[in-house]
Structure formats: structure tokens, C-alpha cells
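S.K.: predicted model follows, preceded by the sequence.
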Amino acid sequence: MDPHLLRTFVTVARCGSFSEAARALGYTQSAVSQHIAALENDLGAILLLRRPVAPTDVGIRLLEHAGPLLLRLDAARADIARLTAAPAAHIVIGASPLALNPQFTRTLADLRQTQPRLRVTVRVLGREAIPREVATATLDLGLIDGMTAPSDPLHLADVGPLTATAIAEQPLAVALPAQHPLSRRANLRLADLADARWIDAPGTAISLAQLRTASGSDGYRASLRYEGTDLRGLIALIAAEHGLALLPQPSIDGLPGINAVPLSAPRLVHRTEALYSSTLDGPPALLAAAFTATTK
């Protein structure tokens, strides 16, 4: 299966138009039509309805395979580029909002002392984007966080041969408004909060989908959804009694307007990992090695 034809198919399906796909890819509309016809001939199946343009049942199944296949091809190209490129003088680091913890900032500061001319860019991204961006070398290194059992690795998407190194594990706490009747408790069980009013903030806090999975309950329904990545905005909503959120305790201890009550059961922690390719060279490799050294 020709990956160029597959990429054209994915673009047409996404755009819902041969002409729009041609503009997006920089091809003529005739070339796009030829690509689709060639792919359909190769597979012996009709992949797209023409009027209106939409994937057939077979096309829908191919789309399920196409994303991971194209991502792994991009990741392979990026890996080869890392092996043949000159060492970088500029590191691009992607981090999910709660992954920029003190361990990371100290390690980065130590590296910059030994590499005073090193330029660093830090991008705050969603958790789902980071493995993909590291695999395709858009990022030199990623920092990703999430909820897991103590000492267990995060469950990340399989996007290529990447290395994950634990940076920190922190206790989790329920963030409640200071006036909430449970805010003075010594600790809380997650199961006791299934019917509480929650804020779903998947880009910042532990998502409600994860809470449902961890507790085996279909509760934890959102009274409000927060799609930002700014922790201060989420804290303001909690303090104003719009709902609760589960967060790493050190990030919310002592903040005005809320109380952080430790989670006692189930045994879960907030874990941060560094994600990178083993083919790194130069300063990015030194930074990855520094993370590995701090966890031994």
C-alpha cells in the first residue's frame, strides 16, 4: 500500500471534498482522483462515495488503520533524521500543564549552566499530543503526566520506539471550595464522591473518564467542562463552587479559596514522565540522561 496514496485518501475523507484535499496537499484535483482510484484498485474495494464525498464502510475501516500507519512512518523518518543530523543547539520541550514540576526545572537549570548558549523553547500541549509530537521529532523531549498506581508507568499511545523515564510521583488530592462540607476532612475516598458535582478539565486535572475507570463506576458527572490549560482558571471555578477536581496535592496546597483533601483510596498517584527517542544526540540527549540519573 503506497503511503502517498493513503495520505491522499485520509485528506479527502477529512475534507469531504476532492478539490479541498487537492488544495491542502498542493496537488491538482485530477491527481487526487487518480490517487484514490489507484488505491481502490490496489485494495479491490470502493473507499469513497463520490456524491457526496464520504467514506464507505470499507473506507471507514481503512481510516482506523491509516492514522497509526502514517504516524509510524513519520516517526521512522524522524528517527533517521535524528541519527544523521548535527547536534541541536536549540531544544524544544513539550509539556502537559501539570508536568512542569520542580524536578524538571532543576534538571533543566543544571543543563543550561553547562550549556550557556543553549536555546530552549517550552510548549504547553495536551497530553494526547505529546507522544505523537515526540515521535515525529516536532519535540525533542516531552513531559507528560497522569494518574496511575504507585510505581506503575503511564499508559501511553504506541507511536514508536520511545523511552519513558519517571521524573516524579506525587500524592493526589481532591480540590474543594473552602466552604464545602467535606473540605475539613483528613482524607477522602474516591468512591464516596461518585455523585458529587465535578468539573471535567481533561487538559489540566485528572479527567472524569479516568475517575470512572479507576472506580469502576459510571458516576463522576460534570457540572461544568473546562477546556483550558491554565490551572489558575480551574482553581477559580472550584473556589466559586462550580465543582470538584482531582489534582496533584503539591500544586494546590495553600491556594486561596480551596482546600486540598488527600485521596485515601484507591491507591493512586500523579506521575510525571519524560518521553524521548533513544536516538537523541547533543544537549537533548544530555537532558534525557540527566532525567534518567535523577531516578536511579
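M.R.: Everything's here; your move. Residues are numbered from 1 along each chain as shown.
S.K.: and the gap between residue 69 and residue 137?
M.R.: 18 Å (Cβ to Cβ, to the nearest Å). (Glycine included, C-beta is placed from N, CA and C.)
S.K.: hmm, I was thinking of residue 70
M.R.: In terms of Cβ to Cβ, residue 70 sits 15 Å off from residue 137.
S.K.: compare the two (neighbour count), which wins?
M.R.: residue 137 (20 against 14; other Cβ atoms under 10 Å).
S.K.: from memory that one sits against residue 76, does it?
M.R.: No - applying Cβ atoms under 8 Å, one finds residue 137 not in contact with residue 76, separated by 10.7 Å.
S.K.: what strand or helix carries residue 93?
M.R.: Following DSSP states H and E, one finds residue 93 within strand 90-95.
S.K.: mind giving me the packing neighbours of the helix or strand following that strand?
M.R.: Going down the chain from strand 90-95, the next helix or strand is helix 102-114, by DSSP H and E. Applying 3 or more Cβ pairs under 8 Å, 6 or more residues apart in numbering; DSSP states H and E, we find helix 102-114 packed against strand 162-177, strand 269-277, helix 282-294.
S.K.: can I get these in a markdown table with mean pLDDT?
M.R.: Below are the helices and strands packed on helix 102-114 laid out as a markdown table (pLDDT from 0 to 100):
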| stretch | mean pLDDT |
| --- | --- |
| strand 162-177 | 94 |
| strand 269-277 | 93 |
| helix 282-294 | 81 |
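S.K.: so which of the ones you listed is nearest residue 143?
M.R.: Of all these, it is strand 269-277 that lies closest to residue 143, at 5.9 Å by Cβ to Cβ.
S.K.: sheet-wise, list the partners of that closest one with their directions.
M.R.: strand 141-148 (antiparallel), strand 162-177 (antiparallel) (DSSP bridges).
S.K.: for residue 150, pull up the helix or strand it's in.
M.R.: Per DSSP H and E, there is no helix or strand for residue 150.
S.K.: if anything else comes up later, I'll come back, but that's it for now.
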